[in-house]
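>>> Got a predicted model here, sequence first, then my questions.
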Amino acid sequence: MHQLCDLLADDYRFKARKSSYDTKLRVDGHLRPFFGAMKAQNLGTRVIRQYVDLRKRHPVAAATINKELSFVRRALRLGAQQDPPLVLRVPHFEMLPTDNIREGTLEHEQYRAVRNALPGYARVALVIAYHTGAHKGEIRAIRKDKIDLSAKRIQLLGRTTKNGKPRYLPIYGDI
């Protein structure tokens, strides 16, 4: 599994993912100590559940455990894609249920008060986020050449969206 963890880190670096550093910290801090000395062929449902039980004993959110399991699954899949394959079978990874409903939304009057208190450069980001639900990274990546005022939309490139697919944010109201 040490070799597969290295493959995962190399894959993140090769693809220049922003989360390369964070992934390496998680892998080295939690996954290598548990899975590192193990042979990939010995990793199955029982071992995965042991890892989940171990992580649950610490105050760790289910979403964090799921993220770590997704790293293990990705490492195994990378091993299976090697020539010759390092992994012959990738076991099923049952993820923990998560409750990640967004909370703390602003009422419209609160939004207006915050908007009016912000300087102009920050106000634009808040308005876009409030009306479209765009993520912070998507908003930060918006450039003037991607704003089409005649079509009343903002183009988001695939590398900036959550799912990696390009999409458009609508521009409402008078401009």
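Thanks, I have it. Numbering: from 1, shown residues only.
>>> Ser20 against Tyr12, yeah?
Yes. Assessed by C-beta atoms under 8 Å, Ser20 is found in contact with Tyr12 at 4.2 Å. For glycine as for every other residue, the C-beta is placed from the backbone atoms N, C-alpha and C.
>>> between those two, which one's more packed in?
Using other C-beta atoms under 10 Å, the more surrounded residue of Ser20 and Tyr12 is Tyr12, with 20 against 16.
>>> Specify the local secondary structure of the more buried one.
helix (DSSP: H, G, I helix; E, B strand; the rest coil).
>>> The longest helix anywhere in the chain: which residues count as buried?
In the chain, taking DSSP state H as the definition, the longest helix is helix 62-81. Going by neighbour count (16 or more other C-beta atoms under 10 Å), the buried part of helix 62-81 is 62, 64-66, 68-69, 71-76, 78-79.
>>> got the buried residues for the helix or strand that it is followed by?
Note on helix 62-81: by DSSP states H and E, the next helix or strand toward the C-terminus is helix 108-117. Applying a neighbour-count criterion of 16+ other C-beta under 10 Å, one finds Tyr111 buried in helix 108-117.
>>> Grab the CA positions of the following helix or strand past helix 108-117 and hand them over as PDB.
Downstream of helix 108-117, the first helix or strand assigned by DSSP H and E is helix 120-132. The C-alpha trace of helix 120-132 is given here as PDB (Å, rounded to 0.1, in the frame of the first residue of the first chain):
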ATOM      1  CA  GLY A 120     -17.500  47.700  -4.100                       C
ATOM      2  CA  TYR A 121     -14.900  45.100  -5.000                       C
ATOM      3  CA  ALA A 122     -16.300  42.600  -2.500                       C
ATOM      4  CA  ARG A 123     -20.000  43.500  -3.100                       C
ATOM      5  CA  VAL A 124     -19.800  42.000  -6.600                       C
ATOM      6  CA  ALA A 125     -18.700  38.600  -5.200                       C
ATOM      7  CA  LEU A 126     -21.400  38.600  -2.600                       C
ATOM      8  CA  VAL A 127     -24.200  39.400  -5.100                       C
ATOM      9  CA  ILE A 128     -23.000  36.700  -7.500                       C
ATOM     10  CA  ALA A 129     -22.800  34.100  -4.700                       C
ATOM     11  CA  TYR A 130     -26.200  35.100  -3.200                       C
ATOM     12  CA  HIS A 131     -28.100  35.000  -6.500                       C
ATOM     13  CA  THR A 132     -26.400  32.000  -8.200                       C
END
